[in-house]
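*Asks:* Structural data only, the sequence is not supplied:
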């Protein structure tokens, strides 16, 4: 009996180790939509990135979203590079809510702030979807009710608080984020009301003092990246305010 138990333990251990060695990309490619996206886009992505001296198989991804402009910026770099390179700007094809952060479930707002991509959904009702890490610590502290969640960058062209890109362009975003995740490289997502330019200053001034105070709190991240093409280091304090360490 003891030998049988030991044999079973060895089998279970082998299965466990095998599952741990299966890469994130390999798991994703088991899904039909992801496999199709790679079939259609992967070769072209590698060629385009090579032209920018980027190794597509060991890549960092950084995303900026601008609500007023209706635009998503996709930035890339090699793991060892000291700054990001703009790969592509993509149109956000639908919007809900207004400028300003998301403060409660059901308000229709697209969040604003600094997030990550904690979850990939290859079986989304909206084709392929990347979860934005809302609510973050700031959102939870400053919420005015239940926060809600499930804010996604996804395909299709409908939204209540999400960031839709239509099916074809979301394939590239999804693939590149899979490649980054496959190397344990997290994707950072920064969502802004607009670009903080002089032309937009009058637009922002028309909103409440509370909203402008929040925008002034996240603006340093925008300014830092504009200058260095590198994300600003930050923490969130007990009051839900972003504190930048650069």
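*Replies:* Thanks, I have the structure now. Small disclaimer: the values here were computed from a predicted structure and weren't measured.
*Asks:* What's the first helix or strand after the one helix or strand residue 25 maps to?
*Replies:* In the assignment (DSSP states H and E), residue 25 maps to helix 24-28. Of the helices and strands lying after helix 24-28 in sequence (DSSP H and E), the nearest is helix 32-51.
*Asks:* which is the next helix or strand following that next one?
*Replies:* Downstream of helix 32-51, the next assigned helix or strand under DSSP H and E is strand 59-66.
*Asks:* Report the mean confidence score over that next one.
*Replies:* In this model, strand 59-66 has an average pLDDT of 98.
*Asks:* List the neighbouring strands of it plus their orientation.
*Replies:* Here the strand partners of strand 59-66, with direction, are listed using DSSP bridges: strand 71-78 (antiparallel), strand 188-192 (parallel).
*Asks:* which residues touch it?
*Replies:* Under the contact criterion C-beta atoms under 8 Å, 6 or more residues apart in numbering, strand 59-66 has outside partners 49, 71-79, 81, 84, 92, 110, 153, 163, 173, 176-177, 179-180, 183, 185, 187-195, 225, 231. Backbone N, C-alpha and C define where each C-beta goes, glycine included.
*Asks:* Please, a PyMOL command that selects the buried ones among the residues you listed?
*Replies:* Provided next is the PyMOL selection string for whichever of the contacts of strand 59-66 are buried by 16 or more other C-beta atoms under 10 Å:
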select buried, resi 49+72+73+74+75+76+77+78+81+84+92+110+153+163+173+176+177+179+180+185+187+188+189+190+191+192+193+194+225+231
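*Asks:* how about the strands paired with strand 59-66 in TSV, adding mean pLDDT and distance to residue 121?
*Replies:* Putting the strands paired with strand 59-66 into TSV (pLDDT from 0 to 100; distance: least, C-beta to C-beta, whole Å) gives the following:
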stretch	mean pLDDT	distance to residue 121
strand 71-78	98	18
strand 188-192	98	15
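*Asks:* Please tabulate those in TSV and include distance to residue 138 as additional columns.
*Replies:* Formatted as TSV, the entries for the strands paired with strand 59-66 read as follows, by distance: least, C-beta to C-beta, whole Å:
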stretch	distance to residue 138
strand 71-78	21
strand 188-192	12
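*Asks:* Please consider this matter closed, and thank you.
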